[in-house]
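Engineer: dropping a prediction and its sequence here:
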Amino acid sequence: VPQPGAPTLNPPQVSGTTVTLSWASGVGPAPASYTLVVRAGDGSPVGSLPLTGTTITIAGAPRGTFLLTLVAVNSGGPSAPSNQVTLVVP
């Protein structure tokens, strides 16, 4: 099975410490899931979060600046990373 295409991560929507992220699948085979990769504003790793669907809302997000990318995954493996977006939680 070929890998899915790289997804497109939309700019984050922020309301206080509630963050909503949405994305679109890339071209090619459908992904089974996604992995959100989170880095601090200086680029150091923070962690990753497995996701399904094409949107997530996170209440009580930590304050700070984060760099986000998304990878689509199926039985063929992971896609190339999405575009990077910057999340600022005031």
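Structural biologist: Structure's in. What do you need? Keep in mind the model is a prediction, meaning the values are calculated, not measured.
Engineer: spatially nearest residue to residue 56 (excluding sequence neighbours)?
Structural biologist: Distances taken as CB to CB, 6 or more residues apart in numbering place residue 21 nearest to residue 56, at 5.3 Å, with adjacent residues excluded. Glycine gets a C-beta too; all of them are placed from N, C-alpha and C.
Engineer: what's the pLDDT at that neighbour?
Structural biologist: On the pLDDT scale, residue 21 is placed at 98.
Engineer: with residue 1 instead?
Structural biologist: 85.
Engineer: so who does the closest residue to it other than its chain neighbours touch?
Structural biologist: Nearest residue to residue 1, sequence neighbours excluded (CB to CB, 6+ apart): residue 76, at 4.0 Å. Applying CB atoms under 8 Å, 6 or more residues apart in numbering to residue 76 gives the contacts 1-4, 29.
Engineer: what helix or strand is the residue nearest to residue 56 located in?
Structural biologist: strand 18-24 (DSSP states H and E).
Engineer: tell me what the helix or strand following that strand is packed against?
Structural biologist: Remark: after strand 18-24, the chain's next helix or strand is strand 33-40, criterion DSSP H and E. Packing partners of strand 33-40 (3 or more CB pairs under 8 Å, 6 or more residues apart in numbering; DSSP states H and E): strand 45-51, strand 64-74.
Engineer: what's the burial count for residue 19?
Structural biologist: Residues within reach of residue 19, counting by other CB atoms under 10 Å, total 21.
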